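K.L.:
Requesting a structural model of the entry that follows:
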Amino acid sequence: MRCILHIGTEKTGTTALQTALSSQRKYLSSNGVFYAQFPGDLNCRSLAAAFTPLENRDDYKLKWGLMEPEKFTDWRQKLLGEIRNEITTAKASCHTYILSSEHFSSKIIREADVADLAEYLRTEFEDIRVVCYLRRQDLMATSRINEGLRAGFPQRLFPNVSNDGALPPLYDYQTLIKRWAVAFGESAIKLRIFERSKLTGGSIVADFSETQLGVPLKEADQAISNVSLSLTAQMALLMFNQAMGLEPRLHIAKHRRELAKYLEKVAPGSDGKPSRSHALSFYEHFRKGNRHLAKLYFQRDQLFDESFNDYPELELKQDIELAASLLSDFYVTRFTG
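P.N.:
Residues are numbered from 1 along each chain as shown. So this is what the prediction gives:
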């Protein structure tokens, strides 16, 4: 049996692909393809958590109370056993088993842990294909900044590159791909570029179904995605996050969601992008590694389209007073309206 292991990366349409796969399980099964269900109905978040070190404060483990060694070990053993049972069932009628989670690439960042996952899967599958979609680093980062503000992170800047030159693991594609190639073999790695012009059919669903499955998939209906926030709205959310910190209490998270929805209505916009020079400066850290992957996997010099024309020449000046006013108006509306 063949396993298709889709590892992300983040912000490359993973939810759209997973929604299409999960909503068409019966159709896929009738064509010999089993989309994993026990590790998670939509995606395999639990399996990714099972192969991250216990000391990592993984949000999944925190949510389900799995930070104690004994609880984690018992849960992990049970999970891996149940997945084996599902694979055994799938083998009776299917030739392909799909595991999908962007958290495979973002959470499993130690070579030893990727190797452990490879060892686990090799006991069940004769053929494993590791599929990874890559998005230009600055574009992924700007997308994650908006998401991060909504999740409570107190910053709206590109990730820092340390003085010693160590690159943020999530964006260091050369190291990321090498980690998976060492564990699964160079020939197992199937790289795809998350750019509309490079995706078959212009979408990840069409691209994945044609290049990896050979079984056509319909685009699935999805909930409306978050509305982009203006720079002033981003500043208001940032001020809230800085005041609250990474406070995990449910009522704080509820207030943050309500504030984000309010800001979507009163201050939407796309003017919150960093300047072109700022984006270029961030991207420059990854250009050499990208070029290495381009030559290794695509026999070309550039991995991505390197046009930065969508960024403003100058970043808008932050209006702290207006952001504070938005926060004040939100609380007046919430408690008096």
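K.L.:
From residue 153, how far out is residue 193?
P.N.:
27 Å (C-beta to C-beta, to the nearest Å). All C-beta atoms are positioned from the backbone trio N, CA, C, and that covers glycine.
K.L.:
One more: residue 299?
P.N.:
Residue 299 is 39 Å from residue 153, by C-beta to C-beta.
K.L.:
So if I had to pick from those two, which one is more boxed in?
P.N.:
Counting neighbours by other C-beta atoms under 10 Å for residue 299 and for residue 153 shows that residue 153 has the greater number, 16 against 7.
K.L.:
Does the more buried one touch residue 240 like I think?
P.N.:
No: with contact defined as C-beta atoms under 8 Å, residue 153 does not count as touching residue 240 (11.4 Å).
K.L.:
List the buried residues in stretch 263-273.
P.N.:
263, 267, 271-273 (16 or more other C-beta atoms under 10 Å).
K.L.:
and what of stretch 49-69?
P.N.:
Neighbour count says stretch 49-69 has 49-52, 58, 60-61, 66 buried, by 16+ other C-beta under 10 Å.
K.L.:
Distance across that stretch, terminal residue to terminal residue?
P.N.:
End-to-end span of stretch 49-69 (C-alpha to C-alpha, to the nearest Å): 14 Å.
K.L.:
again, but for stretch 50-68
P.N.:
End to end - C-alpha to C-alpha - stretch 50-68 spans 13 Å.
K.L.:
returning to that earlier point: now, which of the buried residues of stretch 263-273 lie within helices?
P.N.:
residue 263 (DSSP state H).
K.L.:
any idea how far residue 78 is from the residue nearest to residue 113 when sequence neighbours are not counted?
P.N.:
The shortest distance from residue 113 to any non-neighbouring residue, by C-beta to C-beta, 6 or more residues apart in numbering, is to residue 51 (5.0 Å). In this view, residue 51 and residue 78 are 15 Å apart by C-beta to C-beta.
K.L.:
Kindly report the same for residue 156.
P.N.:
40 Å.
K.L.:
tell me the average confidence for stretch 240-247?
P.N.:
On average, the pLDDT along stretch 240-247 is 79.
K.L.:
before we move on, back to that, so which of the buried residues of stretch 263-273 comes closest to residue 42?
P.N.:
residue 263 (27.2 Å; C-beta to C-beta).
K.L.:
list the contacts for the closest one?
P.N.:
229, 233, 236-237, 326, 330 (C-beta atoms under 8 Å, 6 or more residues apart in numbering).
K.L.:
One more: residue 92?
P.N.:
Residue 92 touches nothing, counting by C-beta under 8 Å, 6+ apart.
K.L.:
what's the answer for the one 10 residues further on, then?
P.N.:
Remark: with contacts taken as C-beta under 8 Å, 6+ apart, residue 102 is in contact with 7-10, 12, 14, 43.
K.L.:
Please determine how far the nearest residue to it once chain neighbours are set aside is located from residue 294.
P.N.:
Leaving aside its sequence neighbours, residue 102 sits nearest to residue 8 (C-beta to C-beta, 6+ apart; 3.3 Å). Per C-beta to C-beta, residue 8 is found 19 Å from residue 294.
K.L.:
With that, I have no additional questions.
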